[in-house]
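Participant: coordinates only, sequence not included:
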């Protein structure tokens with residue numbers, strides 16, 4: 001297989017870019033995620049991939065829950081802040097205010113919308129683990145167009 005062709009083809013998959021909230025018994029966390037898709041209407045299910053061995057992946061494995069914050073076009077600076085390890089300061093992560101609801105995972109006030117999931121299945125293969133989450137709560141802060149990977153100029157696939 002031609003590595004360049006593989007990379008180009010896989011980067012043709014269109015992605016959103018989200019902040020995924022996680023937690024464990026002592027702390028909360030968030031990471032910039034883009035391997036996410038809805039997989040079922042009834043019940044509402046999504047599949048999320050988290051990098052194997054990362055703090056966030058370990059928190060999802062331990063807690064069995066996660067949140068997904070849908071960002072608005074133009075929020076590149078916000079999502080960029082979540083590409084590195086973070087520690088909460090009160091009710092902020094990377095300077096962005098959050099609150100919690102059903103799962104206890106961060107929900108960011110600056111996001112367009114959010115949903116919270118409980119893990120109902122997992123696949124531990126490759127360099128990312130896939131978590132199937134049932135959507136158990138959702139909310140909308142405001143209307144707008146979602147942020148995409150293409151808009152940011154970032155590449156993750158391939």
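Facilitator: Structure received. None of these values were measured; they are calculated from a predicted model.
Participant: give the bridge partners for the spatially most central residue of the chain, please.
Facilitator: For the chain, the residue nearest the mean C-alpha position is residue 20 (2.9 Å; Cα atoms, centre = their mean). Beta-bridge partners for residue 20, by DSSP bridges, are residue 31, residue 68.
Participant: and the gap between it and residue 60?
Facilitator: As defined by Cβ to Cβ, to the nearest Å, residue 20 lies at a distance of 8 Å from residue 60. C-betas here are computed from N, CA, C, even on glycine.
Participant: list residues touching both of these two?
Facilitator: 48, 50, 66 (Cβ atoms under 8 Å, 6 or more residues apart in numbering).
Participant: so where do the helices sit in the chain?
Facilitator: If DSSP state H is used as the criterion, the helices of the chain fall at 3-10, 55-63, 76-80, 149-152.
Participant: need the winner for burial among those helices.
Facilitator: Mean neighbour counts were compared across the helices of the chain using mean count of other Cβ atoms under 10 Å; the top stretch is helix 55-63, at a mean of 19.
Participant: for that helix, name the packing helices and strands.
Facilitator: When contacts are defined as 3 or more Cβ pairs under 8 Å, 6 or more residues apart in numbering; DSSP states H and E, helix 55-63 packs onto strand 18-23, strand 28-33, strand 45-51, strand 128-140.
Participant: hang on, isn't residue 131 packed against residue 51?
Facilitator: No. Counting by Cβ atoms under 8 Å, residue 131 does not reach residue 51; the two are 11.9 Å apart.
Participant: which one's more surrounded, those two?
Facilitator: For residue 131 versus residue 51, neighbours defined as other Cβ atoms under 10 Å are more numerous around residue 131 (25 against 14).
Participant: residue contacts, that one?
Facilitator: By Cβ under 8 Å, 6+ apart, the residues touching residue 131 are 47-50, 60, 66, 117, 119, 121-122.
Participant: chain neighbours aside, what residue packs nearest to residue 135?
Facilitator: residue 44 (4.0 Å; Cβ to Cβ, 6 or more residues apart in numbering).
Participant: give me the neighbour count for the one you found.
Facilitator: Neighbour tally, residue 44, other Cβ under 10 Å: 15.
Participant: check residue 69 too.
Facilitator: The tally of other residues near residue 69 (other Cβ under 10 Å) stands at 28.
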